[in-house]
Structures are given as C-alpha cells and as structure tokens.
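> Show me the folded form of this:
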Amino acid sequence: MTDSAAPLADAGPSPAMPGTASGLAQAAASVFTGTRPPLATYAALDLGTNNCRLLVARPDRERGFRVVDSFSRIVRLGEGLAHSGRLSDDAVGRAVQALGVCRDKMEARGVTRARLIATEACRQADNGEDFLARVRDETGLELEIIDRATEARLAAAGCASLADPAAGGVILFDIGGGSSEVVWLDRKKGAGSGPLTMRAWVSLPVGVVTLAERYGGVKVTTDVFERMVTEVERMLDAFPEREALAAGLQNVHFLGTSGTVTTIAGVHLGLPRYERRLVDGQWMAANDVTRVVESLREMSYDQRCQNPCIGPDRADLVLAGCAVLEAIRRAFPVARLRVADRGLREGILVELMRADGVWRRRGPRRRGHRS
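Residues are numbered from 1 along each chain as shown. Reported below is the predicted structural model:
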C-alpha cells in the first residue's frame, strides 16, 4: 500500500472525538464548531493491544507543546484474541478501569479538545463494537477505531521531528501489541532539502502479544526466535517499493517507536531505572542493537523480570519484539537507529493543534516537545 505522499508538515486535520458527555462537553463543542478556547487543553489517548496511554498537553509559544499530564498502563486488551477472536472479560475489565483513570485525568485538567483512538485489538475482535459501547456506558468516553493507514500516518507525524535533517530518508517502524507498521519517509529533493513524505508503508498483522502467544515468551530458544523472525520476514515481502528502498539505504536511518526499542535503548545505556529523557532521541549503531538483542536472548525469564528497563509486565513480550525488529533489520540493513519514546499520541496532538491553527503567527518552529 502506498500513501498519497503528502508532506507530513502539510497533513490535513483529523476528526477529533469528544471525551465524556458531561465533564468534556466543551471538548465536544470545540470539535463540532471548530472553535478553540483561548487556553485550549488537548488530550490524545491510544488504546492498543497491550497498553492504554494518555497525553494531556497545551500549546507552547514556539510551535511545540507542553505535556501537563500523562498516563500509561499495560492492560493486555488483546490477550487471547488470536485464539478466540474476542476480547476476554478480564481484558475488557482491565481496559475499562484504565480508561476510567484517563477520563478522570482529562476532566481534572479541563481538556477542551481530544481524540481517543483504539487500534488492532478492537479492529480484529468480533466484540470490538460491544467493547466500545461498554466503554461509552461506563466511562462516557467515545473511542474511535482507526484503520491501519491512519495509524501509520499518526506514528509518522509523532516521530518525524527526530529524523536526521541530513538524511535522505527514514525507515520508521512501530512495533505494537497486535500489529506493526513500517513506513518509508522520503525526501524527494534530497538530504537536508525538502520535507519528509510518506512514500510507502505496510502494516503487518503481528505484534509482541500475538507473537508471544503463538510461540511462547517465557523460554525462547534460538530455534523459536528464528521462526518468529522468519514469519515476520515473509510478511515484509509485501512492503511496497521494497526493491527501490533496499537499493538506496546509504543515507537512510531507522526511527523506531515502541516498547521494544525503548527497552533496548534503556538496556544499552545501563539505566538503573527507565528514564524517558535519556532514551527519547538516543542514537544506536547497528552493532550496539545486535549486542543488546543478543544479551536479552541470553537472559532467563527471571533475569528479564528483574531488569529495571523490562520488568515483569514486559518480560514475556520483549523477545517477540526483538524478533520483529530483527526481521526489519534484515530486510533493510541500515547503520543507525534513532529511538523515539513518542508516537501515536504525539501525532494526534500535532494534528489537532495544527488543525486549530494554534501556531499561526508565532515564532520560529521548534520541533519536538517538553514533558
């Protein structure tokens, strides 16, 4: 599949969704009237197959935004989905509870503009619409199931500011719980001149949860790991313009956004506890990525649980993520990886604020955001 190749900076506005019918009524009003209160507060919620994440932010004066609140919880909404085709009662309960926390945070911060998205688990589940109805009834939140093209675009919008301006292109990847997106961002006018555009992309129907459930995540032998890699490699055969991209990798770097790559960066840095400010934007050479992945494969499950950058919540998923990453690296062997602890939520915020014109007649553009 290919995108329209519109520059990311010129991406059109996306429809925003209201929050609750009561506390976020102003958000709904601003969505449908197109008006923006003077002190607008924005929210972006991403309910994925594995995580529920929220960012609340306000525009700053230099065409960025300042995060005023956030929330992240592993809910494993897609647990067992590959086998049953349905969201389980336990998984739904965990997700609804987390979404209730998000609602409370949005109301407390006076959110006036919001977009609340759900991704692969809700796309696949036979009872996905029933789940959304329960969320609406119990929390007042109106979730929007986005398609894979929108997911790829939002990931690109959220991460593009980390691309090396001297690079001729970027291979962005987002390894999720139930799907993984790989996007080729290209500069038509050459390195350092011209905006990045989405030239081609593919959404792979596999992520850390689906792979770990299929192959096991506690004890992962070399044979099991290679079988996971091979499965993903075959899926990458569907990447549009793969030959054209593979022929011009000399001035291209990876830009990775996911728990997998942030974990790898944290382990690479030897952090005693995970710190976003040290990980977001971190550069890693290919041999450093290889070294960390090999060290993770050599760890026992208990050792992965005890690692402060992994922990028990991710210990059975991290090697599945490494297998997806390894397949991407084998398909497109580039020399550098930049790690992004940002993604869909930041992309939502950028699109909402751009649509509202909050940065018009402001100072010079500054990419990124403060948190």
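> which SS class is residue 231?
Secondary structure state of residue 231, per DSSP: H, G, I helix; E, B strand; the rest coil, is helix.
> Model confidence for it, exactly?
For residue 231, the pLDDT comes out at 97.
> Any figure for the gap between it and residue 224?
Residue 231 sits 11 Å away from residue 224, going by C-beta to C-beta, to the nearest Å. For every residue, glycine as well, the C-beta is placed using N, CA and C.
> Quick check: chain neighbours aside, which residue is closest to residue 187?
residue 194 (4.8 Å; C-beta to C-beta, 6 or more residues apart in numbering).
> Give me the below-cutoff pLDDT ranges for the stretch 151-300 of the chain.
189-193 (pLDDT under 70).
> residue boundaries of the helices in it?
According to DSSP state H, counting those that start in this stretch, the stretch 151-300 of the chain carries its helices in the segments 208-215, 222-235, 242-246, 259-269, 276-279, 286-298.
> Just tell me which of the ones you listed ends up closest to residue 314.
The closest approach between residue 314 and any of the helices of the stretch 151-300 of the chain, judged by C-beta to C-beta, belongs to helix 259-269 at 6.2 Å.
> elements contacting the helix ranked longest in the chain?
The longest helix of the chain (DSSP state H) is helix 89-108. When contacts are defined as 3 or more C-beta pairs under 8 Å, 6 or more residues apart in numbering; DSSP states H and E, helix 89-108 packs onto strand 42-47, strand 51-59, strand 65-74, helix 128-139.
> so how far does stretch 80-91 reach from one end to the other?
Length of stretch 80-91, first residue to last, C-alpha to C-alpha, to the nearest Å: 9 Å.
> If you could redo that for stretch 200-211, that was the one I meant.
End-to-end distance (C-alpha to C-alpha), stretch 200-211: 25 Å.
> which parts of it are buried?
By neighbour count on 16 or more other C-beta atoms under 10 Å, the buried set for stretch 200-211 is 200-204, 206-211.
> mind putting these in TSV, distance to residue 61 included?
Listed next are the buried residues of stretch 200-211 as TSV, based on distance: C-beta to C-beta, whole Å:
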residue	distance to residue 61
200	36
201	33
202	38
203	36
204	40
206	42
207	38
208	38
209	40
210	43
211	44
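> follow-up on the earlier one: quick check: which of the helices and strands packed on helix 89-108 is nearest to residue 302?
For these, proximity to residue 302 was assessed by C-beta to C-beta; strand 65-74 is nearest, at 18.8 Å.
> Can you list the buried residues in the helix or strand following the closest one?
Going down the chain from strand 65-74, the next helix or strand is helix 81-84, by DSSP states H and E. For helix 81-84, the neighbour count (16+ other C-beta under 10 Å) marks 81-82 as buried.
> Can you tell me how far residue 217 is from residue 87?
Separation of residue 217 from residue 87 (C-beta to C-beta): 20 Å.
> With residue 283 instead?
Using C-beta to C-beta, residue 283 is found at 38 Å from residue 87.
> okay, these two: which has more neighbours?
Using other C-beta atoms under 10 Å as the criterion, residue 283 and residue 87 rank with residue 87 on top: 24 against 13.
> that older thread, residues of the longest helix of the chain that come out buried?
By neighbour count on 16+ other C-beta under 10 Å, the buried set for helix 89-108 is 91-92, 94-96, 98-99, 102-103, 105-107.
> Could you do stretch 151-168 as well?
Applying 16+ other C-beta under 10 Å to stretch 151-168 flags 151-164, 167-168 as buried.
> same deal with stretch 107-122?
Across stretch 107-122, burial judged by 16+ other C-beta under 10 Å covers 107, 109-122.
> Just give me the closest of those residues to residue 297.
residue 120 (25.6 Å).
> Identify the residues contacting that closest one.
By C-beta atoms under 8 Å, 6 or more residues apart in numbering, the contact set of residue 120 is 48-49, 78, 176-179, 205, 207.
> still on that earlier bit, need the max-distance pair from the buried residues of stretch 107-122.
For the buried residues of stretch 107-122, the farthest-apart pair by C-beta to C-beta is 110 and 120; their separation is 31.3 Å.
> hang on, the earlier thing: could you single out the nearest of the buried residues of helix 89-108 to residue 312?
Of all these, residue 312 sits closest to residue 94, with 15.5 Å by C-beta to C-beta.
> Surely that closest one and residue 76 touch.
Yes: look at residue 94 against residue 76 with C-beta atoms under 8 Å: they come within range, at 6.9 Å.
> With adjacent residues omitted, what lies nearest to residue 80?
residue 88 is the one closest to residue 80 (C-beta to C-beta, 6+ apart), at 5.2 Å.
> With residue 358 instead?
residue 59 (4.2 Å).
> same check, this time on residue 103
Excluding its sequence neighbours, the residue lying closest to residue 103 (C-beta to C-beta, 6+ apart) is residue 139, at 5.0 Å.
> Run a quick neighbour tally on that neighbour.
When neighbours are counted by other C-beta under 10 Å, residue 139 registers 21.
> try residue 270
Per other C-beta under 10 Å, the neighbour tally for residue 270 reads 8.
> same deal with the one 4 residues further on?
Taking other C-beta under 10 Å as the neighbour definition, residue 274 ends up with a count of 19.
> how about it, phi and psi?
Phi and psi for residue 274, reported as degrees, to the nearest 10, are phi -70, psi 130.
> Sweet, I'm off.
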